[in-house]
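Chemist: I'd like to go over a predicted model; first the sequence, then the structure.
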Amino acid sequence: MPDPSAPLPPGLRALQRLVMALMVVMILGFLVLIGALVMRLNATSPPLPDQLDLPEGVTATAFTQGDGWFAVVTQDGRILIYDRLTSRLKQTIELQ
């Protein structure tokens, strides 16, 4: 039976150091990944209006936004594009 207090051979000591270094790098990489995810999820989105006046009888089914505009997809097959600053309707697109 080998002596547990005997020193490791030089090749195994080098391997042990490499495994420890890999473990440290993986832990740091995981922490960086979690930090980047938290920062991305906490990023503030552009402000949206508190209230939006849709045309009479229209029901919204989807919403998307871009730089300087946002759009509402309606149940009757239209896309209503609004100006972000004024919340005024800029364009209506009929879906076919």
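Modeler: Yep, that arrived. Keep in mind that this is a model prediction, so the values were computed, not measured.
Chemist: L8 in helix, strand or coil?
Modeler: Following DSSP: H, G, I helix; E, B strand; the rest coil, the label given to L8 is coil.
Chemist: what residue ranges in the protein score low on pLDDT?
Modeler: Confidence mapping of the chain against pLDDT under 70 gives the ranges 1.
Chemist: Mind jotting down where the strands sit in it?
Modeler: Applying DSSP state E to the chain gives strands spanning 60-66, 69-74, 78-83, 89-94.
Chemist: Kindly calculate the angle that the third one makes with strand 60-66.
Modeler: Following axes from the mean of the first three to the mean of the last three Cα atoms, to 10 degrees, one obtains 40 degrees for the angle between strand 78-83 and strand 60-66.
Chemist: Got the domain ranges for the chain?
Modeler: 8-43, 60-94 (automatic domain parsing).
Chemist: Tell me which residues of the longest one come out buried.
Modeler: Which is domain 8-43. Judged by neighbour count (16 or more other Cβ atoms under 10 Å), domain 8-43 contains no buried residues. For glycine as for every other residue, the C-beta is placed from the backbone atoms N, C-alpha and C.
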